[in-house]
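Asks: Return a 3D structure for these sequence lines:
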Amino acid sequence: EVRLVESGGGTVPTGGSLRLSCAASGFPFGGHAMSWIRQAPGKGPDWVSSISRGGDSTYYGESVRGRFAVSRDNTKKTLFLQMNSLKPEDTAVYYCNFDTPKRAPWGPGTQVTVSS
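Replies: Coordinates of the predicted model:
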């Protein structure tokens, strides 16, 4: 069974940092490019970042470029998102998933709240 479980969210002040994790199981993690996607209250999904299967290529949305860093540990089947210089507009539930149109079942997500 494909399973993705996000963790690491919390409430931080503007300018703070958080490190999100996504624990994967039930599929060959190293064989999939992965993405972080977020959804703020009342808004649609917003792509945040992607990383290639081996981790050598990374991509970022314009609103997070230079502040967030995606990485992965294929031996531990875990995806990470280091978030620095957080802004109130980063407040959302953050999810990880396959970087393909056909998604894995969504995990519970992890709430990130940035206070102003």
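Asks: Quick check: nearest residue in space to the residue nearest to the spatial centre of the chain, chain neighbours excluded?
Replies: Against the mean C-alpha coordinate of the chain, by C-alpha atoms, centre = their mean, the closest residue is residue 36 at 3.2 Å. What sits nearest to residue 36 in space, not counting adjacent residues and going by C-beta to C-beta, 6 or more residues apart in numbering, is residue 48, at 4.2 Å. C-beta coordinates here come from the backbone N, C-alpha and C atoms, glycine included.
Asks: And that neighbour, which helix or strand is it part of?
Replies: When elements are assigned from DSSP states H and E, residue 48 belongs to strand 45-51.
Asks: I'd like to check what contacts that strand. Which residues are they?
Replies: Residues outside strand 45-51 that contact it (C-beta atoms under 8 Å, 6 or more residues apart in numbering): 33-40, 57-61, 64, 68, 70-72, 79, 81, 92, 94, 99.
Asks: In PDB, please show the C-alpha coordinates belonging to it.
Replies: Included here for strand 45-51 are C-alpha records, laid out as PDB according to Å, rounded to 0.1, in the frame of the first residue of the first chain:
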ATOM      1  CA  PRO A  45      -3.500  23.600  -4.400                       C
ATOM      2  CA  ASP A  46      -0.200  25.500  -4.900                       C
ATOM      3  CA  TRP A  47       2.800  23.700  -6.200                       C
ATOM      4  CA  VAL A  48       5.800  24.500  -4.000                       C
ATOM      5  CA  SER A  49       8.800  22.400  -5.100                       C
ATOM      6  CA  SER A  50       9.900  19.300  -6.800                       C
ATOM      7  CA  ILE A  51      13.000  17.100  -6.700                       C
END
